[in-house]
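Visitor: sequence isn't available, so here's the structure alone:
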């Protein structure tokens, strides 16, 4: 068994407890809404069709998109509440995940409540009316008990769906078993990916079996089965949630990271320095690019690393390129004044968006710059990461050089490099600090017109964190201390296919390389 | 007087299914509403406990119009038995019988005693109380239905083809047992049936219904004597002809 398995195992209590808590709350809330709504819907066709239609419609939205949609929604609501009541609420993490999963869980429950109640033997319903049961007595004495097995079956389906979909809460900042899958996919750590899939499958199947026991107990009137299922669920839930109990949230720093290796490594590096300074740290990993900035501005996270060009284009909406120093300077002043976000300083390396080709291919085609590429582009295939083609940087170089490719395909970054290697793509969007550039002997195409902005890695602090002297003191030594070669090497140690390191180990090595000492403990 | 119909009609859209109907049913009577399907007999019965409401006119029970009182409270004072029985399949036989008393907020001991009493009253073994309805035969289920309707001690029983789904032997036995209960408990019973023989053998008074109207109203003996209405006369001729054929088949005169 390799170290990665042991590392994954060590993360299990934290991930599992969050995953179970989220799923449980979503199912509970979903049931609390579906049961009364289903009862009303079973009585009234005017409620039945719209509510079932809406629940089905929600089900057709890919669950990842549904989760992502709740973040901006809650952010807007939080801003309103800030204005009206003087305080906002967290728009990242638990709240959006809970709401999305609750909606997602409702269809099977709602449908089965309606089916169950409408499927009650009409003779039993007539007897109940004829005997003088009130409408509420008829519901609780006759209809719900008779519909219980069907309703339980709906709850079972909902539980399996919700536990599975909860893995997708990771990108909106909610820790779950999906953390294994997302970070594993990113760093090609297949042990993590499999571990995450297996853990979530075992959890879903376990819940399904125990709920199934209750369901069969209800339909066959075997009380011991109901008890066994209920006790099993209770014990399992308590065991899974136990790591959450007794955890104090006092003085906890929330370190954010976007979803790629460099971000994981730098987040780990910052986390270990914060811990060494006596702070508690929770990680919010796998945030989307825009999500991360809004999270630091609203104080959902205290600190994360972003890149000057990204902020320049996406946050400030600028498409000009006044030069590296001017961009940094402009950002530092504007972000502080506009959003209260502090640019603590650049780390010392750039992770620029560049276009890269295989060395042999570039040589054969005689391409060394974007200008050369423009001549050949019509017969070439561009492979990009998932966001590049919708970013202003792409528009900038496309317009500056008149780039038009034969085909453009978006890939998950890991697969983008594979595509380049296999010849599926001739040119890819790459990051200048990516370890694979040196390792795969790729050439970066020059940008003679200066169309691409600089991408200095900078530390961003939330308004609250900026006032925290301990945090500033712990992180300041990182400023200007990481050369691009060191970052490339660290990234490669995580991204390579064999002898992979975990982000925490890579962070330790990187700290040692740049002379910031081995992280304590 | 227990039940009074005054100028009652029931229509679904333009289609009148009952009435106009005016009649009274006295305390202690066993009345059969006899007719074929579509004769309006079930609709008439359901207007007594408010499961259906009349389009015009009014029905009153014990002098109070049905529409003027809380229906749940009225129905708790009236026993209701119908062909499909409608036993609650998630409750045991005893729990089914106990529903009426529970609605009347009796305490557990009194309910248990009453359940045992009713099981013996409808001639079911006491150990059946712990079984689920699915484990019973059709006849047993119908007996539980009768027991459940009687549990809270109603003075009025409404029965809609109560024995219609049973085999002839069981049906006859159950009919006779119920008639004995009716007499012993001093009940008033209104029973819907399409079976002439059943009506003749059980009821004190028969209302023959056709297309929502009462064609004849009288004691079984009166109806059997040449009735002026040809439909009624033909209806009454059937059991007589059957009896004559049976006598001929047996080759001996029937007694009684």
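Guide: Cool, got the structure. Quick caveat: nothing in here was measured; it's all calculated off a predicted structure. Numbering: from 1, shown residues only, chains lettered A, B, ... in the order given.
Visitor: where does the chain have low pLDDT?
Guide: Looking at chain A here, since you left the chain open. A:1-2, A:246-251, A:517-521 (pLDDT under 70).
Visitor: let's do chain B instead
Guide: Using pLDDT under 70, chain B drops low at B:1, B:252-256.
Visitor: can you pull out the helices in it?
Guide: Assigned by DSSP state H, chain B shows helices spanning B:41-48, B:71-76, B:93-97, B:99-103, B:108-121, B:138-150, B:168-185, B:196-202, B:220-224, B:230-250.
Visitor: among those helices, which is nearest residue A:201?
Guide: helix B:93-97 (41.2 Å; CB to CB). Just so you know, the C-beta spots here come from the backbone N, C-alpha and C atoms, and that holds for glycine as well.
Visitor: any buried residues in the closest one, and which?
Guide: B:93, B:94, B:95, B:96, B:97 (16 or more other CB atoms under 10 Å in any protein chain shown).
Visitor: how many residues are close by the residue of the stretch 201-350 of chain A at minimum distance from chain B?
Guide: Here the residue of the stretch 201-350 of chain A nearest chain B is residue A:221; by CB to the nearest CB that distance is 6.8 Å. Residues near residue A:221, counting by other CB atoms under 10 Å in any protein chain shown, number 14.
Visitor: what's next to stretch B:61-81, contact-wise?
Guide: A:127, A:129-134, B:1-4, B:47-50, B:53, B:58-60, B:100, B:103-104, B:142, B:145-146, B:149-150, B:152, B:154-160, B:162, B:187 (CB atoms under 8 Å, 6 or more residues apart in numbering or on different chains).
Visitor: please check the residues you listed and keep the buried ones.
Guide: A:127, A:129-134, B:2-4, B:47-50, B:58-60, B:100, B:103, B:142, B:145-146, B:149-150, B:152, B:154-160, B:162, B:187.
Visitor: do you know how far the residue of the stretch 201-350 of chain A closest to chain B is from residue A:122?
Guide: 22 Å (CB to CB, to the nearest Å).
Visitor: repeat for residue A:266
Guide: Counting by CB to CB - residue A:266 and residue A:122 are separated by 66 Å.
Visitor: with neighbour numbers in mind, choose between the two.
Guide: Between residue A:266 and residue A:122, residue A:266 has the larger neighbour count (other CB under 10 Å), namely 25 against 11.
Visitor: let's verify residue A:377: helix, strand, or coil?
Guide: helix (DSSP: H, G, I helix; E, B strand; the rest coil).
Visitor: ok, residue A:92 next?
Guide: Going by three-state DSSP: residue A:92 is coil.
Visitor: roughly how far apart are residue B:208 and chain A?
Guide: 25 Å (CB to the nearest CB, to the nearest Å).
Visitor: how about the nearest residue to that residue, chain neighbours excluded?
Guide: residue B:216 (4.2 Å; CB to CB, 6 or more residues apart in numbering or on different chains).
Visitor: and the closest residue to residue B:157 other than its chain neighbours, how many neighbours does it have?
Guide: What sits nearest to residue B:157 in space, not counting adjacent residues and going by CB to CB, 6+ apart, is residue B:79, at 4.2 Å. For residue B:79, the neighbour count with other CB under 10 Å is 27.
Visitor: do the same with residue A:84
Guide: 8.
Visitor: which secondary structure element is home to it?
Guide: Using DSSP states H and E, residue A:84 maps to helix A:63-85.
Visitor: near chain A, which residues of chain B are found?
Guide: B:49, B:51, B:71-78, B:80, B:82, B:84-90, B:99-100, B:103, B:132, B:148-149, B:158 (CB under 8 Å from any CB of the partner chain).
Visitor: how is chain A divided into domains?
Guide: A:3-244, A:252-350+A:454-513, A:353-444 (automatic domain parsing).
Visitor: for the shortest one, measure first residue to last.
Guide: For domain A:353-444, the first-to-last residue distance is 10 Å (CA to CA, to the nearest Å).
Visitor: again, but for stretch B:101-113
Guide: Termini of stretch B:101-113 sit 11 Å apart (CA to CA).
Visitor: cool, stretch B:80-88 as well?
Guide: OK, stretch B:80-88 end separation, CA to CA: 14 Å.
Visitor: what's the spacing between it and its chain's center?
Guide: 11 Å (CA atoms, centre = their mean, to the nearest Å).
Visitor: what do you get for stretch A:455-473?
Guide: The answer for stretch A:455-473 is 22 Å, by CA atoms, centre = their mean.
Visitor: which parts of it count as buried, going by neighbours?
Guide: A:455-463, A:465-466, A:468, A:471-472.
Visitor: kindly indicate which of these lies nearest chain B.
Guide: For these, the nearest to chain B is residue A:462 (56.3 Å; CB to the nearest CB).
Visitor: got the contact list for stretch B:89-105?
Guide: With CB under 8 Å, 6+ apart, stretch B:89-105 has contacts from A:121, A:124, A:131-133, A:137, A:141, A:145-146, A:148, A:221, B:76, B:87-88, B:110-112, B:114-115, B:118-119, B:124, B:128-134, B:136, B:144, B:147-149, B:151-152.
Visitor: which bits of the stretch 1-150 of chain A sit near chain B?
Guide: So far as CB under 8 Å from any CB goes, the stretch 1-150 of chain A lies against chain B at A:121, A:123-134, A:137, A:141-142, A:145-146, A:148.
Visitor: what about those residues, which are in helices?
Guide: Per DSSP H, these map to helices at A:123-131, A:137, A:145-146, A:148.
Visitor: helix or strand right after the longest helix along chain A?
Guide: If you go by DSSP H, chain A has its longest helix at helix A:3-43. Going down the chain from helix A:3-43, the next helix or strand is helix A:45-60, by DSSP H and E.
Visitor: now do the buried residues in that next one.
Guide: A:47, A:48, A:51, A:52, A:55, A:58, A:59.
Visitor: quick one: the last one from residue A:161, how far?
Guide: According to CB to CB, residue A:59 and residue A:161 sit 9 Å apart.
Visitor: need the residues touching each of those two.
Guide: residue A:104.
Visitor: and the ones in helices among the residues of the stretch 1-150 of chain A next to chain B, which is closest to residue A:360?
Guide: residue A:148 (67.9 Å).
Visitor: and for the residue nearest in space to the middle of chain A, nearest residue in space, chain neighbours not counted?
Guide: Central residue of chain A (CA atoms, centre = their mean): residue A:171, 0.8 Å from the mean position. Among residues not flanking residue A:171 along the chain, residue A:286 sits closest, at 5.0 Å (CB to CB, 6+ apart).
Visitor: if I've got this straight, the one you found is in a helix?
Guide: No: Residue A:286: not assigned to a helix; according to three-state DSSP it is strand.
Visitor: before we move on, back to that, pretty sure the residue nearest to the centre of chain A sits against residue A:68.
Guide: Yes: Residue A:171 is within contact range of residue A:68, at 6.9 Å (criterion: CB atoms under 8 Å).
Visitor: mind listing the shared neighbours of the two?
Guide: residue A:288.
Visitor: helices of the stretch 301-450 of chain A, start to end?
Guide: Remark: helices assigned in the stretch 301-450 of chain A by DSSP state H, counting those that start in this stretch are A:308-310, A:324-339, A:359-365, A:370-376, A:392-401, A:413-422, A:435-439.
Visitor: most tightly surrounded among those helices?
Guide: When the helices of the stretch 301-450 of chain A are scored by mean count of other CB atoms under 10 Å in any protein chain shown, the highest mean neighbour count falls to helix A:308-310 (a mean of 25).
Visitor: from the contact counts, what lies against it?
Guide: Contacts defined by 3 or more CB pairs under 8 Å, 6 or more residues apart in numbering or on different chains; DSSP states H and E place helix A:308-310 against helix A:324-339, strand A:456-461.
Visitor: turn those into JSON lines, columns for distance to residue A:181.
Guide: Output for those, formatted as JSON lines (distance: least, CB to CB, whole Å):
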{"stretch": "helix A:324-339", "distance to residue A:181": "32"}
{"stretch": "strand A:456-461", "distance to residue A:181": "26"}
